[in-house]
Structure formats: structure tokens, C-alpha cells
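**Student:** Here is my input; please provide its structure:
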Amino acid sequence: MANEQTIQLIKSKCSDTITELLKRYDYSEYMIQRIHNHIVNYLPNTLDHEFKNYEQRQNRNTYLTNEQQIFIQVFLSKHQYYYLPSNNFFYEYNGKNYFIVKEDDVIHKLLSTISKDRILLQWKHKTKINVIKQIKDRNLFTSIPETDTIQNILNVLYPSIFTSKNTAKYFLTIIGDNIFRKNMNLIFLVTPQMKKLLNELDNIAFSSIGYGNTTFNFMTKYHENHSYDNCRLIKMNENFSNELWREILKKIGLDLLCIATHYSNRYGNSDKFIENNSDEELKIYTNYIKYTTPNKIVNEFTNKYIIETANNLKIEWKNLHFVWKQFLSNYNLPNVIYSNTLKNILKTQYTYEETSDSFIGITSKYLPIHIDFINFWENTVTVHNTDFIFDNELEIDELCSLFKFWKRQSGEQLMTSCNISEENVVKILKHFFPFVEIVEDKYVLNVTCLFWNKMEDIHNSFAYIKEQISKDNKHAALISFDEAYNYYYKYSNTQSCKFIVSKRYFEKFLYFKLNDYIVYEKFIETSWCNSM
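**Tutor:** Sure thing, here's the model as predicted:
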């Protein structure tokens, strides 16, 4: 309607202009003739020529516009470029992996491709602007990964990190939700080991997509301010290497994040994934805290781990608390009950003796082995101060062997088990002897055991090692640490030694004892054989 009004106004102005000209020159026959000549003889030809040029330009523009649209469609199909305004980064997806690309590289590829299309050469700049604009409208998180890309990420996560493929998908959906800031009220309780892996993922997310703290709601400890209704569980394998994970993320971190956002878009959010797409076992475990109470958890613990007795057997609180930790560990549950709360709930169920800080009339089948280990530790292991010239240490697996030896020496092997796992030893030491220094959950520092003098064993083997070197390597100037350890190993077998030190400890002792004879870091000068 507005366009018609404009046309009518233009027509009216044209008519008024001619009328005004005729009126202006009404007195001049010459000017009237000139007006007639311009309007009748020149104007129609001029307008016909202009109209033809206009139609040609319109047809050409329509043709080039169509060609440009086809070009852009084909170009963006062959080259899947995306963009994130959060960090002003461009990305490319080749059907297998996602990459960060420079804008200059995108423009170079674009202009090179346009140059091969002669039709669009004159629209080169215009086409470039349109393509870059369309790429900037293609958010990276709207891309849909191919099956190969998804399976590659799932194969990295399962079974090495997560216990099932569905758990891996659940984890990815959570990360996607966090990027989109969905379900920000949820708390995901994880182990400290997993938190280390998540920190690495945070670093990759910040450097690749410009999003910081994408794992903000993964927590290793429950806080009383957290509502059970908002707590979710997710478990992983504990033995995955953080260093290996860091290297893997450098290669596939961006792929993982893109699949995470894809899953969040696809499933709606992590809670919907659990409700609609997970198996029953995962659903029950994930929502365990959501649908429970402190009393329910304690009741499950007492039903499975506590035995009521008719006599006056009792468990000290520190021992019962350790059994509680075993229960949590065995069922992959976080500690969502503070120790004082736990103790008060147990007081309502069992008789509590204040003077001995013990619960009366109960026991647990999980008590004997750790109580035995505590007795073994207190009676056979000595903790030294740190100013010793040489740092004594025992490895966790050595402690397990020494404990087994101690049990057999005591003649009680028929009554209780002699075997104890390395994991349990670490838990016992951390719970009952927190002052003991443990490195990497493998080495206990500054301790010795009554049954085994490790330094003395190695020192006693030196005469045998010297003899073997003189016999087997008469003319050699050097002997490697590996060869020396092999001689020590043979000596231990010939002497029927009960225990054999690890190669790591053996080399550590060599550095301490034979430092004057060690060269090239891992070799001993055979002149040592002539020393006293």
C-alpha cells in the first residue's frame, strides 16, 4: 500500500513538472517546441535504453546471487567451519575431528576457491563478506558430530575411565549442561582422583572454547549446605593415569567438548538422560543420594556391616568409623554424613559407653583384619624422624608381605585371613596413623620393620656381588645398576632371604653407599670391587 502511494506521488510530481514548464514558457513558441521535442522525441528512447540496462543488471544480479548462494552452500558443506563469539575463534570439522583454525586461513581457503569460479570473481569481496557472516552465525555448539567421532570419544572414556558406556555418555551430558549453564543447582560427588582429571578438562575447555570452570559442580566432599535432592553420583575407575589423561585431552579435548554439547542438546540435560536413556543400575546409583536420608544410609550400613551380639563385645568408635569408611568405599558412596551425625544416629540404635568411647554388644566381620594390622604395625614397625642420613621406607606391597609373615609367625593363620589388600593398608594408615607420610599411595617414608632390615640385606650382598663381578666381568671398567641388581637377586635366592628389596630401593641405597664409584648416573666403576 505504501509503495502504491509513493508511485502515485511520483506520477503526480512528473505531471505537475510538465504542466509547470508549459505554463512557464507559454509566451515562447521556441521553448514550447523544445519541450515537445525533448518529451516526444528524446525521452522515450532514453527511458527505453535505461529500462533495458536496468533489466540486464537485474537479471545479472539475480544470476550472480543464485550462483553465490550455490557457491556458499557447497563451500560450507565441503568445509564445515564454525565460530564461537565467546573467544572469537573459528573452528573446522573434517568429519572425524574438530580443529581451531585462524580466520586468515579460512579467508585464504575461501578466496582461493572463489578464484577458481570465474563467474563470481567480480563478486569476490562481496562473497567473502557473506560467507564469513554465515560462518559466524554457525555456532560451534550447534554442530552434529559424526558417529565415528562420537565412538572415538566413548572408546577413550570406556572402559578405561568409566565403568559403562552409559556412564560415559552421562558424564559428557553433564559437561555439556555446564557449558550451557543448565541445572546449575546440581552437585556431582566424585573422588579426588576424578577431580584431578576434571581440572585437566577445565584447562582444555578454557584454552579451546574460552569457557572457564566447566566442572564447577563436581565436588569431592559433601557439605551440609548441599541438599540431598540436588546431589548426584558418578563413579569412575580409580587407576587411570592423570598424565595419560592430560596427553589424551591435548589430542581429543575439543572433540570431547563438542560431543558433550551435542549430548546436552540431544538429551535435554543430564537428569533427563538418566530418566529416559540410562539402564536401571546406573539410574539407581546416580540418584542414590537424591532419594535417601542419613537414617536410611546408616540403616543400610548397619544391616550389612554390623552384627549384634549377646555378650559384651564392643567396638571403639575409631574402629567403627573405619568400618563405616569401608562400607562407603565398597559401595562407591561419598561420605554425605558428618562423623558427629553418624555417631549420634548410631547412639539411638546401640548402647554407647562414654568412658571407653565404644559401642557395646556389636561387632563386625570387617574388624579382625584391620585390628590385626594395627597390632602388627604398633608392635613391629618403627617410625623414625626425618633427620636420618638415609631415608628408610617400606612399600605398601612389602607391608602386606610383612603382615602376612607376622600372622604366620603368630600361628593364627587358621583363625583369620593372612591376606590384606594394598588399598586397605593405605586406608588403615591414613585413618589410624595420619602422621605417617605416604607418597603416591605406594611408599611409606621413614619407617622400618622388626622383621626386615633392608639396608643390611643389601649391604650383606655386596661381597657376593663383588665376587661375581670379578668372575664375570674381569676386564670391564663399569657395571650397570641392572646387572648389580641381578646379582643381588641371585644372592637373595641362594641365601633363601624371606624378602627382596625392589630395584628402586636397591638403586637408592647404591647412590647413598657407593656414590664415589657411580658414573653416568646408572653405572658403578668396577674398581669398587677392590675397596674394603
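**Student:** shaky segments in the stretch 401-532 of the chain?
**Tutor:** Within the stretch 401-532 of the chain, the segments meeting pLDDT under 70 span 411-417, 474, 532.
**Student:** in it, which spans are strands?
**Tutor:** 438-439, 443-445, 447-449, 478-480, 518-519, 523-525 (DSSP state E, counting those that start in this stretch).
**Student:** Using JSON lines, please lay out these together with mean neighbour count and distance to K126.
**Tutor:** For every residue, glycine as well, the C-beta is placed using N, CA and C. Output for those, formatted as JSON lines (neighbours: other Cβ atoms under 10 Å; distance: least, Cβ to Cβ, whole Å):
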{"stretch": "strand 438-439", "mean neighbour count": "12", "distance to K126": "65"}
{"stretch": "strand 443-445", "mean neighbour count": "19", "distance to K126": "68"}
{"stretch": "strand 447-449", "mean neighbour count": "19", "distance to K126": "77"}
{"stretch": "strand 478-480", "mean neighbour count": "17", "distance to K126": "72"}
{"stretch": "strand 518-519", "mean neighbour count": "14", "distance to K126": "72"}
{"stretch": "strand 523-525", "mean neighbour count": "18", "distance to K126": "72"}
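**Student:** now P368: how far from N319?
**Tutor:** Using Cβ to Cβ, to the nearest Å, we find P368 at a distance of 11 Å from N319.
**Student:** Give me the more crowded residue out of the two.
**Tutor:** When neighbours are counted by other Cβ atoms under 10 Å, P368 and N319 differ, and N319 comes out ahead with 21 against 14.
**Student:** thinking again about what came up before, out of the strands of the stretch 401-532 of the chain, flag the one nearest N277.
**Tutor:** Each of those has some distance to N277 by Cβ to Cβ; the shortest is strand 438-439, at 40.9 Å.
**Student:** ok, that closest one: who's next to it in the sheet?
**Tutor:** Sheet pairing of strand 438-439 (DSSP bridges) gives strand 443-445 (antiparallel).
**Student:** contacts for the strand it pairs with?
**Tutor:** 391-396, 399, 429, 436-439 (Cβ atoms under 8 Å, 6 or more residues apart in numbering).
**Student:** which residues in the stretch 301-450 of the chain form helices?
**Tutor:** With DSSP state H, counting those that start in this stretch, the ranges of helices along the stretch 301-450 of the chain come out as 317-330, 339-347, 367-380, 396-410, 422-432.
**Student:** Also the stretch 51-200 of the chain?
**Tutor:** Taking DSSP H, counting those that start in this stretch to define them, one finds helices in the stretch 51-200 of the chain at 103-115, 124-136, 147-157, 165-180, 192-209.
**Student:** just the angle between the last one and helix 165-180, please?
**Tutor:** Translated: helix 192-209. Per axes from the mean of the first three to the mean of the last three Cα atoms, to 10 degrees, the angle that helix 192-209 makes with helix 165-180 is 50 degrees.
**Student:** Ok, the shortest one next?
**Tutor:** Angular relation of helix 147-157 and helix 165-180 on a 0 to 180 degree scale: 110 degrees, by the same axes, to 10 degrees.
**Student:** can you check the second one too?
**Tutor:** In terms of direction (the same axes, to 10 degrees), helix 124-136 departs from helix 165-180 by 120 degrees.
**Student:** re earlier: list just the one of the helices of the stretch 301-450 of the chain that sits closest to V298.
**Tutor:** Comparison of these against V298 by Cβ to Cβ identifies helix 339-347 as nearest, at 4.7 Å.
**Student:** any idea of the mean pLDDT in that closest one?
**Tutor:** Helix 339-347 comes out with an average pLDDT of 95.
**Student:** what helix or strand does T261 sit in?
**Tutor:** Under DSSP states H and E, the secondary-structure element containing T261 is helix 242-267.
**Student:** Point out where the stretch 251-400 of the chain drops to low pLDDT.
**Tutor:** Using pLDDT under 70, the stretch 251-400 of the chain drops low at 387-389.
**Student:** Relative to S410, which of the strands of the stretch 401-532 of the chain is closest?
**Tutor:** Here strand 447-449 is closest among these (Cβ to Cβ), at 14.9 Å.
**Student:** Centre of the chain to the closest one, how far?
**Tutor:** Computed by Cα atoms, centre = their mean, to the nearest Å, the chain-centroid distance of strand 447-449 equals 38 Å.
**Student:** Output the contacting helices and strands for that strand.
**Tutor:** strand 381-383, strand 393-395 (3 or more Cβ pairs under 8 Å, 6 or more residues apart in numbering; DSSP states H and E).
**Student:** The same query, at a cut-off of 6 Å, please.
**Tutor:** Secondary-structure packing of strand 447-449 (3 or more Cβ pairs under 6 Å, 6 or more residues apart in numbering; DSSP states H and E): strand 381-383.
**Student:** quick one: buried residues of the strand it packs on?
**Tutor:** Under the neighbour-count criterion of 16 or more other Cβ atoms under 10 Å, strand 381-383 has V381 buried.
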